[in-house]
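> here's a sequence, model it:
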Amino acid sequence: MHETHPVVVIGAGPIGLAAAAHLIERGQEVRVLESGASAGSAISAWGHIKLFSTWRYNIDAASRRLLETPSGSYAGDWEAPRETRLPTGADMVSDYLHPLAAHPTMAPLISYGHRVTQVTRVTADGSGVDKTRSANRDDALFLIRAETENGLVDIEARAVIDASGTWDAPNPVGRSGIDAIGEPEARAVGFITSPLPDPLGTDQDALAGKTVLVMGAGHSAANMLLSLGRLRQQNPQTTILWGLRGKANPIRLYGGQAADELPARGQLGTRLRALVDNGEIEIVENMSVTRMQAGERLTVVLADGRRFDVDRLIPATGFRPDLGMHAELRLDIDSIVEAPTALGPLIDPEFHSCGTVTAHGERTLAHPEKNFYIVGMKSYGRAPTFLMATGYEQVRSIAAALSGDRTAADQLELILPETGVCTTDLGGSCDAPPTEPASCGTPEPAAASCCAAPQPVTIGFATGTQHGHTSLTAGHQRQE
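Numbering: from 1, shown residues only. The predicted structure follows:
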């Protein structure tokens, strides 16, 4: 009914542009709204971080086909990066996302400087359709409101794919999922850094010779601690504290190490353990932060009364989805991880890692609001298990469904790790047995494509129950 209206994709990161590429390939009208000034603007904020997986696993198939296709004066001369090389975030932007966004077929479809603030519905004659109205709701258009440098604009669409990510919504440092008293003020005056600062680059002067507290138990924290360790070699006066909300467990702290299928990720635990054993990093257990006070330094007060004076606090505590823009839509959201309800039990970090999350597509991501989808990192809510290849499969399936190809939408394929070493958690907060790697941790965009493997996996779905939910679970059959 609304084929003259586009499918609007929110976000021009790797998953958003992949969604657009798949829709373009199927002849659909598309418009991409990006809040930043260029594609991959969120990734640019952590451009100094190296991904754990090689280029082979970080390029979407439809995006690759588009990049290799001539168009007008464009000769199709994009040179794919060497598949075995590990890219940094900056490499992802310069060698992949910017060329993809600049392709003559893609470029006219992207509107930069458009920050989406609200998504709702409206009838073809312009009548409003808020959350309470049910009559003919599925036939209504979507109304997307965005902030631009020229003011607010309203855009109509027949479908919406939200690939805006979670970079702008980091988890608080305070206990129990809320800010510590004084945390917003400490952030405002600069004592709390961005989630992924660059200790060896732009942030070196602010961190060298200082007392730095890193909060977090995932790969982001590990990356920061290793960078600070190198900074300390240059500036021995630098003091490094590693704050863990639970009690330290060496097996959880250092993960798969040499057994990890992705060497770059396995080396994190090995190198980090050496820094701790050598006394260059001090672990602070049970760091339940209740209050902060900003003065000449930042005083961090814990629930048990301990106090620490630090110069900088790095909050490698993960991210959460900001669903406020969708307040007028009917969403089916898991109450635990804040992902789509059918997806929630498949990614709950108390039970799953990126090595055990199965391929999922349009049916799993659908909401009561017809033709609306949340994809990519944001679709995983608070779970830390997202990998880029999963996001590419999500949008391939959704593009097929929006194009009327139900068979293709339901045919799910995904390359997954051959081992469960992806459960690596560098300081987990879950209750995994002490002899097993923990499978929970904190999400971090530098490891967004953290899991990939040389062996394909065939997914077979069956109905199961987990963590109080009934949903799709998967049986894996390895192809040897």
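
> what are the ranges of the strands in the stretch 301-450 of the chain?
Under the criterion DSSP state E, counting those that start in this stretch, the stretch 301-450 of the chain contains strands at 307-310, 312-315, 372-374, 414-415.

> want to throw those into CSV with mean neighbour count, distance to Pro184 and mean pLDDT?
Using the backbone N, CA and C atoms, a C-beta is placed for each residue, glycine as well. CSV is the format used below for those (neighbours: other C-beta atoms under 10 Å; distance: least, C-beta to C-beta, whole Å; pLDDT from 0 to 100):
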stretch, mean neighbour count, distance to Pro184, mean pLDDT
strand 307-310, 15, 17, 98
strand 312-315, 25, 12, 97
strand 372-374, 24, 27, 98
strand 414-415, 20, 40, 68
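
> which of the ones you listed sits closest to Leu226?
Counting by C-beta to C-beta, Leu226 lies closest to strand 312-315 out of these; the figure is 12.4 Å.

> just the CA trace of the closest one, in PDB.
What follows is strand 312-315 as a C-alpha-only set of coordinates in PDB (Å, rounded to 0.1, in the frame of the first residue of the first chain):
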ATOM      1  CA  ARG A 312      40.600   9.700  36.200                       C
ATOM      2  CA  LEU A 313      37.900   7.000  36.000                       C
ATOM      3  CA  ILE A 314      37.500   5.000  32.800                       C
ATOM      4  CA  PRO A 315      33.900   3.600  32.700                       C
END
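
> counting contacts, what elements does it pack onto?
Judged by 3 or more C-beta pairs under 8 Å, 6 or more residues apart in numbering; DSSP states H and E, strand 312-315 is in contact with strand 211-215, strand 298-302.

> can I get the strands of the stretch 301-450 of the chain in TSV including distance to Ala188?
What follows is these, written out as TSV (distance: least, C-beta to C-beta, whole Å):
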stretch	distance to Ala188
strand 307-310	17
strand 312-315	13
strand 372-374	30
strand 414-415	42
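
> of those, which is nearest Ala327?
strand 372-374 (13.0 Å).

> each with direction, which strands does the closest one pair with?
strand 159-162 (parallel) (DSSP bridges).

> buried ones in the partner strand?
159-162 (16 or more other C-beta atoms under 10 Å).

> again, but for stretch 146-153
Judged by neighbour count using 16+ other C-beta under 10 Å, the buried positions of stretch 146-153 are Ala146.

> again with stretch 288-303
288-290, 292-294, 298-302.

> of these, which is the nearest to Leu17?
Nearest to Leu17 among those, with distances taken as C-beta to C-beta, is Val289, at 37.6 Å.

> isn't that closest one up against Val300?
Yes - counting by C-beta atoms under 8 Å, Val300 is a contact partner of Val289 at 5.9 Å.

> distance of the most centrally placed residue in the chain relative to Pro14?
Centroid check for the chain by C-alpha atoms, centre = their mean gives Met377 as the closest residue, at 3.4 Å. The gap separating Met377 from Pro14 is 10 Å, by C-beta to C-beta, to the nearest Å.

> now Arg145
For Arg145, the distance to Pro14 - C-beta to C-beta - is 25 Å.

> any idea how far the residue of the chain positioned farthest from its centre is from Glu156?
When each C-alpha in the chain is compared with the mean C-alpha position (C-alpha atoms, centre = their mean), Asp125 comes out farthest, at 37.6 Å. In this view, Asp125 and Glu156 are 12 Å apart by C-beta to C-beta.

> for burial, what's the neighbour tally of Pro108?
9 (other C-beta atoms under 10 Å).

> residues contacting it?
Contact partners of Pro108, counting by C-beta atoms under 8 Å, 6 or more residues apart in numbering, are absent.

> Ala169: how many residues sit nearby?
Around Ala169 there are 15 residues (other C-beta under 10 Å).

> ok, the nearest residue to Leu302 once chain neighbours are set aside - contacts?
Once flanking residues are discounted, Leu302 sits nearest to Ser288: 5.6 Å by C-beta to C-beta, 6 or more residues apart in numbering. Residues counted as contacts of Ser288 (C-beta under 8 Å, 6+ apart) are 175, 245, 302-304.

> now do 7 Å
175, 245, 302-303 (C-beta atoms under 7 Å, 6 or more residues apart in numbering).

> gap between it and Val300?
Taking C-beta to C-beta, one finds Ser288 at 11 Å from Val300.

> same deal with Ala339?
Ala339 is 31 Å from Val300, by C-beta to C-beta.

> can you check Ala90 too?
32 Å.

> on that earlier part again, among the helices and strands packed on strand 312-315, which is nearest Leu241?
Of all the helices and strands packed on strand 312-315, it is strand 211-215 that lies closest to Leu241, at 4.5 Å by C-beta to C-beta.

> sheet partners, orientation included, of that closest one?
Strand 211-215 pairs in its sheet with strand 239-243 (parallel), strand 312-315 (parallel), by DSSP bridges.

> could those strands go into CSV alongside distance to Glu393?
Output for those, formatted as CSV (distance: least, C-beta to C-beta, whole Å):
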stretch, distance to Glu393
strand 239-243, 35
strand 312-315, 31
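
> which among the ones you listed is found nearest to Ala206?
Nearest of the strands paired with strand 211-215 (C-beta to C-beta): strand 312-315, 6.5 Å.

> contact partners of the strand or helix carrying Ile15?
Here Ile15 sits within helix 14-25, counting by DSSP states H and E. Residues outside helix 14-25 that contact it (C-beta under 7 Å, 6+ apart): 7, 9-10, 30, 32, 39, 60, 62-63, 65-66, 92, 97, 100-101, 105-106, 109, 161, 163, 375-376, 388, 391-392, 395-396, 398-399.

> now do that helix: distance to the chain's middle.
17 Å (C-alpha atoms, centre = their mean, to the nearest Å).

> also stretch 317-335?
Relative to its chain's centre, stretch 317-335 lies at 14 Å (C-alpha atoms, centre = their mean).

> give me the buried stretch members for it, please.
Buried residues in stretch 317-335, counted by 16+ other C-beta under 10 Å: 317-321, 323, 325-326, 328-329, 331, 333-334.

> measure it end to end?
Terminal residues of stretch 317-335 are spaced 20 Å apart (C-alpha to C-alpha, to the nearest Å).

> pLDDT below threshold where in this structure?
1-2, 72-75, 248-269, 352-356, 415-480 (pLDDT under 70).

> partners of the helix or strand hosting Asp154, with directions?
Using DSSP H and E, Asp154 falls within strand 151-157. When pairing is defined by DSSP bridges, strand 151-157 lines up against strand 141-148 (antiparallel).

> how far out from the middle of the chain is the partner strand?
Centroid separation between strand 141-148 and its chain, computed with C-alpha atoms, centre = their mean, is 23 Å.

> neighbouring contacts of it?
2, 5, 8, 33, 113-122, 124, 152-158, 160.

> again, 8 Å this time
Strand 141-148 is contacted from outside by 2, 5, 8, 10, 33, 111, 113-124, 152-160, 371-372, using C-beta under 8 Å, 6+ apart.
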